[in-house]
Every structure is written in C-alpha cells, then in structure tokens.
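1. sequence isn't available, so here's the structure alone:
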C-alpha cells in the first residue's frame, strides 16, 4: 500500500535507507558504516521495526505460537468435558481485587430455571465466589517429555469448573476449546501456506527460469486456476474425502486441498522475479564458472527475493485461516471431534441461539484478531522486504 | 476488438471441457453413490429398500456404468442443454438451477457495484487527504473489512438486528412473497432485502479496492503534470478527477478478473448463513447428499459464471485503457 515506485531518487544507499524521521540516527559516519556493512536481514529488520503496529503484531504472534505449541497449558479443562447441567453458561468474570486487597477470584454463577420460558438463567451470586489461581493444578498433560498438571488459570478447587468465556450447548468450556482451536486453525493456515509457497516457488521458478513450453503450460494452468471460484471447488474436494478418515487424515487432506489452489499468486510473483534477475551479471558469472542450475537457483537467485516470498506468505496465512473457518463452518472442512474456529462457530448457526448465548460468537472475534495480526505483520514485512528501495 | 472478443469467447468451451472433466472426477470420487445415501435416509425414516430394488434404480439412473461412460453420457446430455435429473428433488437440474441462477447473478452484481461505489470515493478521499482523520478511519475500516470472514459478518449483523429490533434477516423475500409469482411488488420486496447481503459481500472486496485505489492515486498525485495543472490554475477538484483518478482506476479494473470468481465464492457462504435462495445452499445440500449430477451442474455453472466475469473484465480493461494492446 505504501510501497512507492519512485525511481527518481538515485542517491547513495545510506540516504535511501534512512527515512526522514530517522535521519539523525544514520547521520554520523559511524552509523553510516554500520549500514554499509549490515546484512540484508539486518536492513530488513531496521526498516521493519519502524512500523510500530507491525512490531506489536509480531510479538503477539510469537505469543500465539506458544498457544499453538502448548495449548494444554492455557486450557484449564479437557476440551470434550461435557455436562448438560452446565450448558450455555455465560462468561464468568474474573476479578483481581477483593475488599481492596489483591485477590484473584471468579464470580459464582447460579442457575435458575425461568418458569415462563423454561430456559436456564444464570446470574452472578454476590455472596459466593470461586477462588482461582495462576499456575495451579488441573488435568495432567505432557510438557515435552515430562508430565505436569500446571495450567495458566485454574480454580483452586480442582473439582469445580470455571468458564472464562462461557460454555456451549453441551456444557463444554469455550476458553479451553478456543486454545485447541487456535492450535488447529493456525496450523492449517501456516502449513497450507508453506505447501503453497513451495509449490509457487517450484512452479514459478521453472516457469521463469526455463521459459518455453514449461512456462506456457504453467501460465495457462495459473490462468485456469485463477478463473475458478475457489470455495465451491474446495467444497467439492472436501466432500470427496472418505468419511471414515480419522481427524488427522482429514486435517492433512484439507491442508493440502487449500494449498492446491493457493499457490498461483506466488507462482506469478516468483516467475516475474526470475525473469528480471535471470539477465543479471552475477547469474551469468555463476553460469560461467560452471555452477549447476540448481545451485544458481537455490544459492544465488532465491535469496535475493526470499524476503518477498516470506512477506507474501505471511499475507496468505490469514486468507487460509478464513478459508478453513468458512469450510468447517459449512460442515465440509474439519469435523468434530477436531476443534477449529469454524467447528466452534457451528454452535452459533442460528439467530435464536446467538441471542440466547452471544458468547458463542467469540471464536469469530478471535479469527478477526488473528487475521489482523497476520495482516499487519505481513504488511510491515512487505514494506521492509526490499531494504534497498525507498 | 471484434477478433479479440471472438478469440476470448472461443476459449470458453475449451475451459469448460477441462473443468467438466475435473468436476466429474470430483463428484464421483466419494465412496458410494446417491443410492447409498438414499437407503440411509429411508432407513432413518423407518422404511427401507432391499438391495435388489436399489440396484434396479442404479441401472435406471445409469449409476452402474463405468466412469468414462457416465461422463460421456453426462456431457452428451449437457451439450443438448439437459443437466440431468436431481435425484434429491426428483426435478430436472436445469429447472432447479434456472430458478436460482438469476438471484445468484443479481447478488454478485449488486455487491460488485456496491464495492466499487464504496471503494472509489473512499480511495480518492484517503489519497487526497493523506494522514487525515478520515484517511485513518478508512484504513481501520479496511483492515477490519479484510480481516472479518464474510459469513461471520453476516452472523454478527443478523444477531444485532435480532437483538435490537427483533428482525430476522434471513432470505431474500418477505414470507408473503416467498411463493408468489413474479410481480413488481415482489421485485420491490427483493430490492429491500438484497442490499444487506450485497453489502456484507461487498465490504471485503471494497476494502482491498480502496487500498489499491489509494496507493495508485498517491503515486499519480506526485507526478509533474499535477504541478502543471495547478500552475495553469485548474481547480483542485477538476484536476484530480480529470487526470490522476482516471489513471489510478486502470489497475483497479485489472483486478476485476480475480474479484468476480471470489464474489461467487463468497456469495455461497453468505447465502448459506442467511438462507438466500441462490445456488450456493443448493450446492451444499447436493454435495452432502451425493446428488452428483446436481452438484456437478452447479459447479460447472459457477465456473461458467466466473469465466464470463473474467472475460467481461478483460474487455472492460481494454475499453477503459486504450493503451492496452489486444493480443
């Protein structure tokens, strides 16, 4: 968005790198030297950190990464633990102070049946409270090789349950399920982008480096794939998966299916890059000293636009997350017992349920936040990807 | 121009042939066939059919033939404009799809127009008032517009309307007109319902378009011809509208080709959530019930619509930007 193609500024590299607001940082000769010897990645990072939102998003993403790796730590009960008596419990507020002193507690919710509508109504009972604690003991899980019972936030009395984000139709805890959903949905997004990137670099590289018939075929393929409405085709593909497949098999299949149509944008970009640097002197030099084609591509050409690939890839992840969520929401993506954002949102499919239990829509908000973080980080990366341009 | 259009139109049958093979492969891939699902439904409702009857029905519908024969039969019928029979509804697919195709195209068309109506003024404003409050406002809206899955936006709006005003925003018609034959009153009723799903669909697209428009226009605004214009005493409004905006729109037009297939994709999900009578929910049903010829026909129709959209956008691009050579 902010990338300008202004070619008029052909000054030396230092002034190009130093933006106006940071000019003084680079003004001294010492820092000029720093810039001139800095590696490509260092330059990218210097530029990236100027974008405050992108930096914040990146740190949040690192935090989210810990959820993906250790969802059990953040969860406080088994994701499938059901109790019909605890269905549709609203958000249980957590308080940090009690009578002016620091004390962690959760509101105690008491259910009463409304005799007119026959629906359960949960109200907070001010006379009672539930003690909760950080890093308390809950169910057992495996941290790398060790068994542990520690969780981020658990009730002090292990026999009670708390619902930080409410409970669903079957009395399952949304907070805990959300942690596992984050793991599944983001993994699907990232792995399918990884496969797309590999496909895009491979096919785009063949297309751009070798040209000729291969280029023609790959370009036609990209054109055909681009004129396809993705969602219906994805639906047909996922509907074609055998029904007796396990969750893991289905998970892997859907990841692959998403990436099969997703590589085209990157394929085009990589082809363009290859076409433009194929004629560079250093490629010719590498050819003349007898480097193999693979070595030229992998060691000399790809690194020049690796940062672009990473930026494009980061911007593709949110799209994949949304795609997976939509498919699972329609019942054609991941299916229970797998937990993903889309699977969780299936609980909120009709207006009456939503009116009764609006907290069932929280997974949707989490999707929006996740997508925003990836987009902001990706935008920052894209702007910083080429440190030699202004 | 004529030969260019003719060339593009000639590619359509070729593309459709490729798609039809892929689609046929996909729809017959699930294990079992409609009869398996059908007997399961019958068993669920208490009655049953023995295997012999099922096999007889299979022979009747040609489900026993090898794959390539089934494909050739399907293609042969398709070329005569016959999309076969929906085993689910026991109605010709042509009628089922024909009833809903108009609404499918209409919804996509409305959201397309809406997204442009929002994106161009917003993009112009953001670029000419760079870093103003309005610019930041549009930027925030754009980020959210891109981030929010359109089915979730639909759910959210439906919930808000239901919670605040008790409105149930589903369907494209009021109950009164649902079954009524077409009349002007029904058209009016449709127009009073269709704007919301169109807007939901348009938001994601317009967010992307605004960003492109803003970036392109910013590039143009710095060019020397702007200074010349100002030096000649042109009013700022006329100057911006006459030259840079026209140039900045061209790259936008070239995105239509990718945008239209996405619109149909999006309309499918939103239509399912809001229960709109377009071909999206029909496809979902056909796929889950293994009504393979219905799902195959719908998929083919989606591809056809997307191809036509892409070709229209190419022609529009040639018309808008005469510098583009027709190859």
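-> Looks like it arrived, so ask away. Model, not experiment: these values are computed from the prediction.
2. which intervals of the stretch 201-350 of chain A have sub-threshold pLDDT?
-> For the stretch 201-350 of chain A, no stretch is flagged by pLDDT under 70.
3. quick one: the helices in it?
-> In the stretch 201-350 of chain A, the helices defined using DSSP state H, counting those that start in this stretch lie at A:212-226, A:230-239, A:247-262, A:264-277, A:281-288, A:293-295, A:306-329, A:341-345.
4. so of the ones you listed, which one's packed in deepest?
-> Among those, the stretch with the highest mean neighbour count (mean count of other CB atoms under 10 Å in any protein chain shown) is helix A:341-345, at a mean of 28. Where you see a C-beta, it was placed from the backbone N, CA and C, and this is true even at glycine.
5. for the next helix-or-strand element following that helix, give me every contacting residue.
-> Scanning forward in sequence from helix A:341-345 by DSSP states H and E, the next helix or strand is helix A:351-356. With CB atoms under 8 Å, 6 or more residues apart in numbering or on different chains as the test, helix A:351-356 has contacts from A:88, A:119, A:169, A:347-348, A:360-361, B:155, B:158-159, B:162-163, B:168-170.
6. local confidence estimate at residue A:17?
-> pLDDT for residue A:17: 47.
7. okay, now the domains of chain A?
-> With automatic domain parsing as the criterion, the domains of chain A are listed as A:85-168, A:176-385.
8. endpoints of the first one, how far apart?
-> The distance separating the two terminal residues of domain A:85-168, taken as CA to CA, to the nearest Å, comes to 11 Å.
9. chain center to it, what's the gap?
-> Here domain A:85-168 is found 28 Å from its chain centre; the criterion is CA atoms, centre = their mean, to the nearest Å.
10. hmm, that domain in reach of chain B?
-> No: shown here: domain A:85-168 not in contact with chain B (CB under 8 Å from any CB of the partner chain), separated by at least 14.6 Å.
11. and stretch A:132-143, which residues are buried?
-> Buried residues in stretch A:132-143, defined by neighbour count with 16 or more other CB atoms under 10 Å in any protein chain shown: A:132, A:136, A:138, A:141.
12. about what we covered before: want to throw the helices of the stretch 201-350 of chain A into JSON lines with distance to chain B?
-> Listed next are the helices of the stretch 201-350 of chain A as JSON lines, based on distance: least, CB to the nearest CB, whole Å:
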{"stretch": "helix A:212-226", "distance to chain B": "6"}
{"stretch": "helix A:230-239", "distance to chain B": "4"}
{"stretch": "helix A:247-262", "distance to chain B": "11"}
{"stretch": "helix A:264-277", "distance to chain B": "9"}
{"stretch": "helix A:281-288", "distance to chain B": "29"}
{"stretch": "helix A:293-295", "distance to chain B": "31"}
{"stretch": "helix A:306-329", "distance to chain B": "5"}
{"stretch": "helix A:341-345", "distance to chain B": "7"}
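13. buried stuff in the helix or strand of chain B with the lowest mean pLDDT?
-> When the helices and strands of chain B are scored by mean pLDDT, DSSP states H and E, helix B:175-178 comes last with a mean of 70. Under the neighbour-count criterion of 16+ other CB under 10 Å, helix B:175-178 has residue B:177 buried.
14. stretch B:219-233 now?
-> B:219-221, B:226, B:229.
15. tell me the one among the residues you listed nearest to residue B:283.
-> residue B:219 (41.1 Å; CB to CB).
16. which strand or helix spans the closest one?
-> Residue-wise, residue B:219 maps onto helix B:184-221 under DSSP H and E.
17. show me what secondary structure element comes after that helix.
-> Past helix B:184-221, the next helix or strand by DSSP H and E is helix B:224-231.
18. which neighbouring elements make contact with the helix or strand just after that next one?
-> Following helix B:224-231 in sequence order, the next helix or strand is helix B:236-242 (DSSP H and E). Using 3 or more CB pairs under 8 Å, 6 or more residues apart in numbering or on different chains; DSSP states H and E, the elements in contact with helix B:236-242 are helix B:224-231.
19. now do the helix it packs on against helix B:184-221: the angle between them, please.
-> On the basis of axes from the mean of the first three to the mean of the last three CA atoms, to 10 degrees, helix B:224-231 is oriented at 100 degrees to helix B:184-221.
20. so what does helix B:224-231 touch, helix or strand wise?
-> Helix B:224-231 is packed against helix B:236-242, with contacts defined by 3+ CB pairs under 8 Å, 6+ apart.
21. following the helix it packs on in sequence, what is the next regular element?
-> Assigned by DSSP H and E, the successor of helix B:236-242 is helix B:244-274.
22. identify the residues contacting the following helix or strand past that following helix?
-> Using DSSP H and E, the helix or strand that follows helix B:244-274 in sequence is helix B:279-289. Around helix B:279-289, the neighbours that count as contacts under CB under 8 Å, 6+ apart are A:232, A:235-236, A:239, A:330-332, B:34, B:37, B:86, B:88, B:96-97, B:100-101, B:104, B:267-272, B:275, B:291-292, B:294-295, B:298-299, B:301-302.
23. mean confidence score for whichever helix or strand comes after helix B:279-289?
-> Counting by DSSP H and E, the next helix or strand C-terminal to helix B:279-289 is helix B:292-320. Computed over helix B:292-320, the mean pLDDT rounds to 84.
24. buried ones in helix B:292-320?
-> In helix B:292-320, the ones that count as buried by 16+ other CB under 10 Å are B:292-303, B:305-307, B:309-311, B:313-314, B:317-318.
25. that one packs against which elements?
-> Counting by 3+ CB pairs under 8 Å, 6+ apart, helix B:292-320 packs on helix A:230-239, helix B:2-28, helix B:67-79, strand B:85-86, helix B:93-128, helix B:244-274, helix B:279-289.
26. of the contacts of helix A:351-356, grab the buried ones for PyMOL.
-> Those of the contacts of helix A:351-356 that count as buried under 16+ other CB under 10 Å are selected in PyMOL with:
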select buried, (chain A and resi 88+347+348+360+361) or (chain B and resi 155+158+159+162+169+170)
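27. which one of the contacts of helix A:351-356 is nearest residue B:121?
-> Using CB to CB, the contacts of helix A:351-356 come closest to residue B:121 at residue B:169, 26.5 Å.
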